[in-house]
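Undergrad: Here's my sequence, what's the structure:
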Amino acid sequence: MSKFFKLLGVLMLFIVGACTHQTEKAAVHRYAEPRFNNQKPIELLVNKVDIVSDFTPSFTKPNVEHLFPVSIERAARVWATDSLQASDYSRNRTAEFIIKDASVVENEVKAADLFHKDSLKYRATLSTTLKIVDANGSVARTSLDAWRELSIPIDTQIDEKEKYWHEMVENLISDFNVKMRQNIEEHLNMYVKDNSLVLQY
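TA: Below is the predicted model:
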């Protein structure tokens, strides 16, 4: 009988341990990165696409981008991976997607009267440049600055904040996707495979 209870105790410990592991694993992956692999990639007439970040988080307020469950910088990298594709390996030409700014600034805003709560205002910024560099050194480029703002009550709990932050990043990168694709079509059309739009310069 004592062996049975010992075995039961070990089994219960194993089950509890497994549940704890699954809970921790779920918490880590609670927020997914925005993906764009369901859209047709932009096929660039280059032999490779490099993704470069010139942005370094300060980890100091008012900057709070490091607190976001999915950072704007990471979302921009995923966008470039999903959306930009090298399609001409015979050319000595490269594309470089550069992340210049992927910051979020938090500011406390005092309420106008006693009947309203103070709030936290966030401004998220994503600035990027896409460069096409030929072997002869000539460069074509297009840049885009995108931003979003968000205000929430100052006493919002951290789990609710993360929901708002994640939605903010999703909306920002979604807007960026539309506008950057338009920019590429308008300004770098001669470097896009099978592009029907050919501008005269």
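Undergrad: in the one helix or strand Leu150 maps to, what counts as buried?
TA: In the assignment (DSSP states H and E), Leu150 maps to strand 139-153. Neighbour-count burial for strand 139-153 flags 142, 144, 146, 148, 150, 152 (criterion: 16 or more other CB atoms under 10 Å). Heads up, the C-betas are built off the backbone N, CA and C, glycines and all.
Undergrad: continuing past it, what's the next helix or strand?
TA: For strand 139-153, the succeeding helix or strand toward the C-terminus, using DSSP H and E, is helix 158-187.
Undergrad: how far off strand 139-153 does that following helix point, in degrees?
TA: Relative orientation of helix 158-187 and strand 139-153, computed by axes from the mean of the first three to the mean of the last three CA atoms, to 10 degrees: 150 degrees.
Undergrad: returning to that earlier point: would you list the buried residues of strand 139-153 in JSON lines and tack on distance to Asn195 and pLDDT?
TA: Listed next are the buried residues of strand 139-153 as JSON lines, based on distance: CB to CB, whole Å; pLDDT from 0 to 100:
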{"residue": "Thr142", "distance to Asn195": "14", "pLDDT": "98"}
{"residue": "Leu144", "distance to Asn195": "19", "pLDDT": "98"}
{"residue": "Ala146", "distance to Asn195": "23", "pLDDT": "97"}
{"residue": "Arg148", "distance to Asn195": "29", "pLDDT": "97"}
{"residue": "Leu150", "distance to Asn195": "36", "pLDDT": "97"}
{"residue": "Ile152", "distance to Asn195": "42", "pLDDT": "97"}
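Undergrad: out of those residues, who's nearest Ala86?
TA: Using CB to CB, Thr142 is the member of these that lies nearest Ala86, at 17.2 Å.
Undergrad: Okay, and the beta partners of the closest one?
TA: Residues in a beta bridge with Thr142, per DSSP bridges, are Leu130.
Undergrad: Surely it and Asn183 touch.
TA: Yes - with contact defined as CB atoms under 8 Å, Thr142 reaches Asn183; the gap is 4.4 Å.
Undergrad: Kind regards, and thank you for your time.
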